[in-house]
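Engineer: here is the input, now give the coordinates:
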Amino acid sequence: LEEEKRLFLQKAVHRRFQKNDIVFFEGDPGDACFYIASGLVRIFSIHDSGKEPVFFLRRAGELFGISEVLGGYPRKANAQAIAPSEIHAVRGQDFDALLAEAHANGMKLIMDLVVNHTSDEHPWFQSSLRDPDGPCRDYYIWHKGRDGKEPNNWGACFGGSAWEFDERTGMYYLHCFSKKQPDLNWENPKVRDAVFDMMTWWCDKGIDGFRMDVISMISKDPSYPDGPVTDGLYGSFSPYVCNGPHVHEYLQEMNRRVLSKYDLLTVGEAGGVTIEEAKKYANKEQTELNMVFQFEHVDCVPGPIGKWSDEKPKLSAFRPILNKWQYELEGKAWNSLFLDNHDQPRAVSRFANDSEKYRVVSAKMLATCLHMLKGTPYIYQGEELGYWGTKSNGDEYVRTPILWDKAGNELASGSLSGKIDMQM
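Structural biologist: The predicted structure is shown next:
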């Protein structure tokens, strides 16, 4: 065991972290072994520290060394959640070792499940492009243009239109995010069959749950109407995509066919979710998911750049939102609790004071607030150390991985400026 630890740690020395290394702990997008090594080192570190077991969250696609990463997602991953046929034998063994070591240390491993969309380099989409009459064409959402333009006015989350024109077929495909991430057509039962088969394979492998990426967006309004335009050139798709007409039907089917057959933790990322919708997603009968991530409390700063503004959220706005979700879900659904994640500025900088004088007490104050609420808390890597940063510091501060000391023997206690140390 010690020899394994030494070899894995050896790979972690003198790595240079780039701003696109978007992982929950450490990693380099081109090195699958390093991902696994990072996981094992983290397990060793937590186990050796004598702390209580914790959940270890990992993006599924990034575990297997996809050579290029788009916005934090592997470009060639199968539905962004690797399928059995795409796992290299050695890498599969590495993952098995990671999972076994996590379980041996009393930890659970939860995979990131991204099934609202796939890569445009995925075999399904390539087949969909090549053959308009083939079986994969309806795996995606294709529409003819309107008056020589896109089918509607929806804008994509990463800029531009949410529709991309294919010159060969003269039709547009929908991508709510990047044009390299075409949305799957969940109305097609064959898509649901394929997704549920893939999920079943991972569950049989022994994983402990799923964090479901933008799961509230898998059902679209089939009329695809124009969205409201508040600023800029494009309309918002949110009213017709978030919490769509069949989303609960699809999740209940997922629960019947997969989730209910295993002992899993499930949490869905649900942008735009309301209290009433959350009661359906995370109902106490557990016919869908265990809980959802809602974002109302971290979206309480108005203005064109919202959460990236230097303006601090007002306590008079923040506290009532926390109270609302605590009281109105009581006895009806379960809360998830978070302040930090990979899409948010660091909480210490955003909600408190990250100066040298107040950073530590601010981090402890926020942790006390979060962990005294009712629900399941989620700690983003570095949050336990009081990491700070906003967009004005650069995205690398928001997504900075856990840092190593120069010898590579243990997790470092220093920040980029050598002052991250915080006694817990």
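Engineer: wait, Glu164 sits on Tyr172?
Structural biologist: Yes. With contact defined as Cβ atoms under 8 Å, Glu164 counts as touching Tyr172 (6.3 Å). No exception for glycine: its C-beta is placed from N, CA and C like everyone else's.
Engineer: neighbour count for the two, which is higher?
Structural biologist: Tyr172 (22 against 18; other Cβ atoms under 10 Å).
Engineer: in the stretch 201-350 of the chain, where is pLDDT below threshold?
Structural biologist: 303 (pLDDT under 70).
Engineer: quick one: the helices in it, in order.
Structural biologist: Secondary structure of the stretch 201-350 of the chain by DSSP state H, counting those that start in this stretch: the helices cover 238-241, 247-257, 275-281, 315-329, 347-351.
Engineer: not counting sequence-adjacent ones, nearest residue to Ser178?
Structural biologist: Distances taken as Cβ to Cβ, 6 or more residues apart in numbering put Phe158 closest to Ser178, at 4.8 Å, once the chain neighbours are dropped.
Engineer: distance of the one you found relative to Asp231?
Structural biologist: 17 Å (Cβ to Cβ, to the nearest Å).
Engineer: of the two, which one has the most company?
Structural biologist: Remark: of Phe158 and Asp231, Phe158 carries more neighbours, 15 against 6, as counted by other Cβ under 10 Å.
Engineer: helix, strand or coil for that one?
Structural biologist: Secondary structure for Phe158, judged by DSSP: H, G, I helix; E, B strand; the rest coil, is coil.
Engineer: distance of it from Gln126?
Structural biologist: Using Cβ to Cβ, Phe158 is found at 21 Å from Gln126.
Engineer: wait, isn't Pro182 in contact with His117?
Structural biologist: Yes. With contact defined as Cβ under 8 Å, Pro182 counts as touching His117 (5.9 Å).
Engineer: one step back: could you say which of the helices of the stretch 201-350 of the chain is packed most deeply?
Structural biologist: Highest mean neighbour count of the helices of the stretch 201-350 of the chain: helix 347-351, a mean of 25 (counted as mean count of other Cβ atoms under 10 Å).
Engineer: for that helix, packing partners?
Structural biologist: helix 359-371 (3 or more Cβ pairs under 8 Å, 6 or more residues apart in numbering; DSSP states H and E).
Engineer: return the set of buried residues in the helix it packs on.
Structural biologist: Buried residues in helix 359-371, counting neighbours by 16 or more other Cβ atoms under 10 Å, are found at 359-360, 362-364, 366-367, 369-370.
Engineer: which one of these is nearest Asn323?
Structural biologist: Cys369 (12.0 Å; Cβ to Cβ).
Engineer: can you confirm His103 is in a helix?
Structural biologist: Yes. Residue state for His103 (three-state DSSP) corresponds to a helix.
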